[in-house]
Each structure stands twice: as structure tokens, then as C-alpha cells.
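Participant: give me a 3D structure for the following:
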Amino acid sequence: MTAVQQVPAAGPPATPPGAPPGTPSGAPPAGRTHSALRRREPAPAPRGLRRALPRTVAGRVRALTALTVVLLVVLLAVTWAAVANAREGVRVIGHDAGPQVVATGDLYFQLTNMDAQLANALLTGDAAGGGRDRALAGYDQSRSKAGQALLQASKLADETTEDNTARELVYGLGQYERLAGQAILLDQQSSHGPGSPPENVLKLYRQATDLMKLDLLPKAYNLTLDNGTLVRHTYEDKRSNVLAGRTWILVSGLALLAALAGLQVYLAVRYRRMLNPALALATLGTLVLVVAATVMLSGQASHLREAKEDGFDSILALSRTRAISNSANADETRFLLDPQRADAYEQVFLSKSQTVLYLKAGNLNEYNTAVQKGLAFEPGRAPFLGFLGTEANRSDEPEQRQALVRVLDEFKRFQQNDRAMRNLVNGGQRAQAVSSRGTAAADYVRYDKALQDLIGTHQASFSEAVDDGDGGTKGWYAVLPIAGVVIAGLVLAGVRPRLAEYRWSK
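Facilitator: Below you'll find the predicted structure:
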């Protein structure tokens, strides 16, 4: 008979060792739950922006260092661009288009002087004293200078309209010289005293002077304005860019200083160091660079303004004043030369005089009376308008004001001589009026010399501003890369030992 193994009877479960009596062997110990026995789950991974941020001390130090270097590059690039704009503005206004525009502005004066000298030659006739020869020599000299100025204007023309205007001026000037040459030849062949050229000579002169006043002078003025637009646009663009560059330097410089300060504080907290000397020097160097660049660009903006407004604008306006005054002086000669057009020349003289210095008057007598009453003015509060009124309100230097006072005194004498000449003509003493042109011409030369002296004061201001502009940016193309290398080197020198310390501590 086979033995059958009996299964033990079921009983209470065994008590685990160390467990309280009655605790089943499969039950967890008292005070612990099933969840505590589960395997610990890892922390959830960061999402969004936190995922991109470094999670170690070394990573954060490297990130702050990289941010500092990037901001340093931005600061250097912004400063470089601002310096380039400042240098370009000074180059165009002070060395390129500005002087060329002033030279082409002289074209208007030379053209008016050609017509004035032609009128003087015809008015003088073959009288003793060589007046005709002196006038013709002045005519030839002005013709040569006009040709040179026209050549410069054609070189400066960079648009189709400007180029066409220059070409038309060349063609019109040739026509004028042909008519003037014919008038001079006929006048030399005739024999007449002062103030009485033959009718055929007057007919040719009328054609020539009409061509000059109605065609050549307006085109010459428009050409100067067109060329001046280049200077004005360059000034507005470059000065605006310089001021914008100054703002961006401040913004990027403050950002870089903030990044350096943040890196300094982070290293002090993490590594328990009160100060990082290399980072402190980098911060100081950045501060010096930002302040120096800001001051330099502020100075460059000021130099551009002085060169454009106190220099270029005044020189161009006063050159125009000189040309119109010379044309008005020629109108006095035309008044005597061509009695048929005397009334027209008198009215034109008044119009040109008021363009130079405007005082309210209904006729030439009233205007002359107003001028003789006095032209005293306070800086910025001139009681008259016109080109000289603008100059009186603009001039802020003692030398410029003194030169302007001399111009006003000579202008009064110029108008006084005109009134005396017309009184002689109206009194039936035309021959005496023609004879008085010699004294009046000498007085006008003093007036023209005073104008040239006034222009010279602005030319000095222009040259000084251009020289200051050239010197203001000198050396900056070398300073910027050197400063960038030094500051970046100091930052790396301050960070590298701390990173090495971190690796050693691990």
C-alpha cells in the first residue's frame, strides 16, 4: 500500500521575524504603505524656456559669458557704423560736394559780372581813360571763371535733369558770347562818347542781356539748388544716423554693463568671492568706451551742424547776395545805357535790392529813405528781411556781426549813390550821371569787398568745423578692435579660473 503524504492543515500565517505577533508574513510592516514601496519616479523634464536654460553652475557661467561677448560685439558694430556715418558726412559736406556746390554757386556771380562788364564797356565807349579796355578785361576774366564753374557743375550733376541743365547752360552761354562779341565789335567800329552807343549795338546788347536774365541766370541758380540738395540730403541722413548710432551705443552699452554686473554678482554668490578684478576692469573699460563714443558722436553731430548751417548755408546765401548785388549794380549801368528800358531797369533794381535787404516800400524813393534811416539790429532780432536779414538773425559770432555791420554801412552808401544818380537823370543831367559812375563804382567795390569779408568769416567757421570733424573720428577704427580684444580678454580671464575651480571641486 502506497503511503500518502498529507498536506498540513491550514492555519494562521506565519509571523515574519521582527514583526508584531499576528502580522502575516506577506503583509507590509506597520507604518509603511504599498506606495512607499514603489520605485521612485524621476522628476518631470523642464519644458519651454526652462528647457533651454543651463542647469549647472558651469553652464550658467558660460551662458553669461557668451551673452557678454555677444553684447560686446553688438556695441563695437554699432559704434563702427556710427563712426562711418560721421566720417562720410564730413567727407561729403567738407571735402566733396560741399566745396563743389560753393564753386558752382560762384557761377551765378560770374555770369552776372559778364553782363555787367559788357554794359560798362558799351556805356564807356571810346572815352579817354581806358574804361572800355578795363571792362572788357573784366568780361574775359569772368567768362573764364564761369566756364570753370560750369565744368565743375557738370561733373557734380548726378541726375538726368541736372545734366540736361548743365548742357543747356553750355549751349546758352555760347549764344550769349556770340551776341556779346558782335555788340563789342560794332561798338569798337563806331565812334561815340560815354553813354551813347549806336542803336544797332543796343539791339544786340538787349538780346544778350535778355538771354542772360531770362535763361542763363535762372538755370544757373536752379543748378546750384539741385546740387545743394545733395549736400542737404547727406547732412540730414548722416547726422540722423550719427544721433541714432549714439542712442544705440547707449542702449547696447547699458545692456553690456548689466550683463557684466550680473556675471560679477553670480560669481560672487556661487564662489563666495567679493570681487573679480578682471571683470571689474572689463566693466570699467566698457564704461569708458561707451562714454567716450557718446561724447565723440555728440561732437560729430555738432561739427556737421556747424559745417552745414553756419558754414555752407551762409556761404551759399551770401554768394547769392553778392551775385544779386552785382546784377543790381549792372542795372544802374543799363538804366543809363538804354533809356528806352530805364523804367524797367529801375523797377528791377528795386526788386533785387529788396531781395538782398527787404524793407517795406512802394517805390525806390521810399525804399532808399527807409534804408538811410538806419539798419541797426540786435542779434536774432533784425528789423529787416532778405538775405542780409537772415544773416543778421543767424550770425552769433562777434567777428561775423562786425563784418555784417560793415556790409550794411556799405549797402547804405550803395543805395545813396543810386539815389543821387537817378536824381541827376531826372533833373536833366544825364551826362553828369554817367560821369558819376566812376565814384559810385569805387563805393560799390568797397561794398563787394565787405561782402567777401563776411563770406570769409563763414568760410573760416566752415573750415574749422570740417577740421574738427576730421579729427573727431581719427583713430577710432584702431581703438574699437583693440578695445574689443582687451575687454573680451578680461572677461575670459575673470571667468576661466572659476570654471577650473568648479571642475576641480567635482
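
Participant: quick one: contacts for Ala121?
Facilitator: 131-132, 135-136, 139, 184, 187 (CB atoms under 8 Å, 6 or more residues apart in numbering). In this view, the C-beta of every residue, glycine as well, is placed from N, C-alpha and C.

Participant: who wins for most neighbours among those?
Facilitator: Neighbour counts for those (other CB atoms under 10 Å) peak at Asp187, which has 25 neighbours.

Participant: reformat the contacts of Ala121 as a markdown table; add pLDDT.
Facilitator: Formatted as a markdown table, the contacts of Ala121 follow (pLDDT from 0 to 100):
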| residue | pLDDT |
| --- | --- |
| Gly131 | 71 |
| Arg132 | 78 |
| Ala135 | 86 |
| Leu136 | 88 |
| Tyr139 | 89 |
| Ile184 | 87 |
| Asp187 | 83 |
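
Participant: identify the farthest-apart pair in these.
Facilitator: Spatially, the most separated pair among these is Gly131 and Ile184, at 13.7 Å (CB to CB).

Participant: what helix or strand is the closest residue to Asp453 other than its chain neighbours on?
Facilitator: Excluding the flanking residues, the one nearest Asp453 by CB to CB, 6 or more residues apart in numbering is Ala403, at 5.2 Å. Under the criterion of DSSP states H and E, Ala403 resides in helix 398-426.

Participant: for that helix, packing partners?
Facilitator: Using 3 or more CB pairs under 8 Å, 6 or more residues apart in numbering; DSSP states H and E, the elements in contact with helix 398-426 are helix 314-337, helix 342-356, helix 364-372, helix 386-394, helix 430-435, helix 437-472.

Participant: buried residues, the fifth one. List them.
Facilitator: Meaning helix 430-435. Within helix 430-435, the residues scored as buried using 16 or more other CB atoms under 10 Å are 430, 433-434.

Participant: got the angle for the helix holding Ala403 vs helix 364-372?
Facilitator: 150 degrees (axes from the mean of the first three to the mean of the last three CA atoms, to 10 degrees).

Participant: if I look at Gly94, how far off is Tyr235?
Facilitator: As defined by CB to CB, to the nearest Å, Gly94 lies at a distance of 11 Å from Tyr235.

Participant: which of the contacts of Ala121 fall in helices?
Facilitator: Judged by DSSP state H, the subset of these located in helices is 131-132, 135-136, 139, 184, 187.

Participant: what about the closest residue to Gly389 other than its chain neighbours, how many neighbours?
Facilitator: Among residues not flanking Gly389 along the chain, Ala382 sits closest, at 4.9 Å (CB to CB, 6+ apart). By the criterion of other CB under 10 Å, Ala382 has 22 neighbours.

Participant: for the residue lying closest to Glu309 once chain neighbours are set aside, give its distance to Ala382.
Facilitator: Ranked by CB to CB, 6+ apart and with sequence neighbours excluded, the top spatial neighbour of Glu309 is Arg394, at 7.8 Å. Arg394 is 10 Å from Ala382, where distance means CB to CB.

Participant: same check on Gly489?
Facilitator: Look at Gly489 and Ala382: by CB to CB, they are 59 Å apart.

Participant: quick check: Leu72 vs Tyr235, distance?
Facilitator: Leu72 is 32 Å from Tyr235, where distance means CB to CB.

Participant: which residues touch the residue nearest to Glu399 when sequence neighbours are not counted?
Facilitator: Excluding the flanking residues, the one nearest Glu399 by CB to CB, 6+ apart is Thr457, at 5.2 Å. Residues in contact with Thr457 (CB under 8 Å, 6+ apart) are 397, 399-400, 403.

Participant: which SS class is Ser196?
Facilitator: Following DSSP: H, G, I helix; E, B strand; the rest coil, the label given to Ser196 is coil.

Participant: around it, how many other residues sit close by?
Facilitator: Neighbourhood size, Ser196 [other CB under 10 Å]: 14.

Participant: no further queries at this time; thank you.
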